[in-house]
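Enquirer: here is my input, please return the structure:
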Amino acid sequence: MNTILNKYKRFDVSLQELKSVLGEDLYNVADITPEKVVAADVVYAIKQYLSKAVTLSELIDWVNVVWFTELYEYDTKEENAIASVMALLETLDEGIDFTDDEYAQMIECLETNTECEL
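Expert: Presented below is the predicted three-dimensional model:
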């Protein structure tokens, strides 16, 4: 199971492929060990979006799956920095848009393990 979670975390499989393995309801997957998310994973996701390797919709789906399901958990040492950036990214599906400078600030906070406040 964790292989598919790791692949989804790195955008190597789509949300549909993840659901085809785990089922449509990702919020109620039984007997799963959560995949660890570290700050570098969130940096990677942001950079994938900025380089147009993933769409805004794919990034929003990723944020929602990583944040709101029990399939993933944040690395304890980086939890506050990750949570602060994920909270910002979660607003993308509400029509909020960030500048390249704001994304750079998010990446810097993740890389320095500090909470991000925009």
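
Enquirer: make it CA atoms for all contacts and neighbour counts henceforth
Expert: Noted.

Enquirer: skip ahead from the helix or strand where Tyr8 lies and say which helix or strand is next.
Expert: If you go by DSSP states H and E, Tyr8 is part of helix 2-9. For helix 2-9, the following helix or strand on the C-terminal side (DSSP H and E) is helix 15-22.

Enquirer: so what are the sheet partners of the helix or strand that that following helix is followed by and their directions?
Expert: Later in the chain than helix 15-22, the nearest helix or strand by DSSP H and E is strand 35-37. The strands beside strand 35-37 in its sheet (DSSP bridges) come out as strand 72-74 (parallel).

Enquirer: quick check: buried residues in the following helix or strand past the partner strand?
Expert: Heading C-terminal from strand 72-74, the first helix or strand you meet, by DSSP H and E, is helix 79-90. Within helix 79-90, the residues scored as buried using 16 or more other CA atoms under 10 Å are Glu79, Asn80, Ala81, Ile82, Ala83, Ser84, Val85, Met86, Leu88, Leu89, Glu90.

Enquirer: which outside residues touch helix 79-90?
Expert: Where contact means CA atoms under 8 Å, 6 or more residues apart in numbering, the residues beyond helix 79-90 that reach it are 38-39, 42, 60, 63-64, 67, 74, 106, 109-110, 113-117.

Enquirer: and what of stretch 51-69?
Expert: 9, 15, 26-27, 45-46, 48-49, 71-73, 86, 89-90, 92-93.

Enquirer: sketch out the low-pLDDT regions of this protein for me.
Expert: The chain contains residues with pLDDT under 70 at 1-2.

Enquirer: rerun at 50
Expert: Along the chain, no part satisfies pLDDT under 50.

Enquirer: hang on, the earlier thing: residues contacting the helix holding Tyr8, please?
Expert: With CA under 8 Å, 6+ apart as the criterion, helix 2-9 contacts Val13, Ser14, Leu15, Leu18, Val21, Thr33, Pro34, Glu35, Asp41, Trp62, Val66, Leu71.
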